[in-house]
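Visitor: Requesting a structural model of the entry that follows:
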Amino acid sequence: MTIRFLETGAHAAAFNMGLDETLMKSVRPGEPILRFYAWKPPAVSIGYFQSLEDEVDLAECKRQGVDVVRRVTGGGAVFHDAELTYSYISREYPAGIIDSYKLICNGIVLGLAKVGIQAQFVPINDIIAGGKKISGNAQTRKRGVLLQHGTLLLQVDVDRMFSLLKVPSEKMRDKLVQNVKERVTSVNRSFEEVATALKSGFQEALGDSLRESAVSGAEKEMAEKLAKEKYASKEWNFLR
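Guide: Residues are numbered from 1 along each chain as shown. The predicted structure is shown next:
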């Protein structure tokens, strides 16, 4: 197979999620899609099954100019700022959940090795380097198409992250911040350097060549429509 590769730059949260959904609809048999992107402005995304009001301090997000959005994938709340985010979309994938995570995450593991970072996949969906989490990943499958997206932290600001999330008390916040600082790490390299390494890593892991591509006019139009009508809507984001 040949992988269609897209590097789509930094966009608002609703557009990023709209483009992921659009690519799920346009992906062709035998040509998976690998997309690298970033977030501008920074954003908090929540898992499909979470409550936005329970998880996120909406007033603080507004004060700091941080987007909020609900993903189609599960998992917890994630603060997206200094990171490389990837999406892998395919009609061909292992049936087993762990097997599919392992296959795709191996692209990140092999890519990190190319910048001197030894990492490993830890089920169900984390990548660990030096005993600390460096990448979280989430997945959904709809109508025979797999979407897996995940983050690779370039820098990490735990204090800012927890200023945007709801926690029971200040005492609990302090404990959580310290705990996450002890468990999470980052790449400390540029987006461009990491992107080059990950492209090579994914090719090696999946055994396929990359075909450089761009978002088509029709895909952009559909992504913008989904961003406006779905991912920026109260109906979607306050679904639970």
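Visitor: Every contact and neighbour count from this point should use C-alpha atoms.
Guide: Noted.
Visitor: got the contact list for the residue nearest to Lys225 when sequence neighbours are not counted?
Guide: Nearest residue to Lys225 in three dimensions, chain neighbours excluded: Gly18, at 7.8 Å (Cα to Cα, 6 or more residues apart in numbering). Residues in contact with Gly18 (Cα atoms under 8 Å, 6 or more residues apart in numbering) are Met222, Ala223, Glu224, Lys225, Leu226, Ala227, Lys230, Tyr231.
Visitor: phi, psi of Gly18?
Guide: phi -60, psi -40 (degrees, to the nearest 10).
Visitor: now Glu192
Guide: Main-chain dihedrals, Glu192, degrees, to the nearest 10: phi -60, psi -40.
Visitor: So which bits of stretch 27-41 are buried?
Guide: Buried residues in stretch 27-41, counted by 16 or more other Cα atoms under 10 Å: Val27, Arg28, Glu31, Pro32, Ile33, Leu34, Arg35, Phe36, Tyr37, Ala38, Trp39, Lys40.
Visitor: and which of the residues you listed is nearest Tyr93?
Guide: Within these, proximity to Tyr93 (Cα to Cα) peaks at Pro32, which comes in at 9.7 Å.
Visitor: What is the least confident helix or strand in this structure?
Guide: Every helix and strand of the chain was ranked by mean pLDDT, DSSP states H and E. The lowest is helix 170-183, at a mean of 82.
Visitor: So which elements touch it?
Guide: Secondary-structure packing of helix 170-183 (3 or more Cα pairs under 8 Å, 6 or more residues apart in numbering; DSSP states H and E): strand 132-142, helix 158-164.
Visitor: Dump the C-alpha coordinates for that helix into PDB.
Guide: Taking C-alpha atoms only, helix 170-183 is exported to PDB below (Å, rounded to 0.1, in the frame of the first residue of the first chain):
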ATOM      1  CA  GLU A 170      -6.700  23.100  45.400                       C
ATOM      2  CA  LYS A 171      -5.100  20.500  47.600                       C
ATOM      3  CA  MET A 172      -6.000  17.800  45.100                       C
ATOM      4  CA  ARG A 173      -4.800  20.000  42.200                       C
ATOM      5  CA  ASP A 174      -1.300  20.300  43.800                       C
ATOM      6  CA  LYS A 175      -1.100  16.500  44.200                       C
ATOM      7  CA  LEU A 176      -2.300  15.900  40.600                       C
ATOM      8  CA  VAL A 177       0.200  18.500  39.200                       C
ATOM      9  CA  GLN A 178       3.100  16.900  41.000                       C
ATOM     10  CA  ASN A 179       2.000  13.400  40.000                       C
ATOM     11  CA  VAL A 180       1.700  14.300  36.300                       C
ATOM     12  CA  LYS A 181       5.100  16.100  36.400                       C
ATOM     13  CA  GLU A 182       6.600  12.900  37.700                       C
ATOM     14  CA  ARG A 183       4.800  10.700  35.000                       C
END
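Visitor: Perfect, that will be all.
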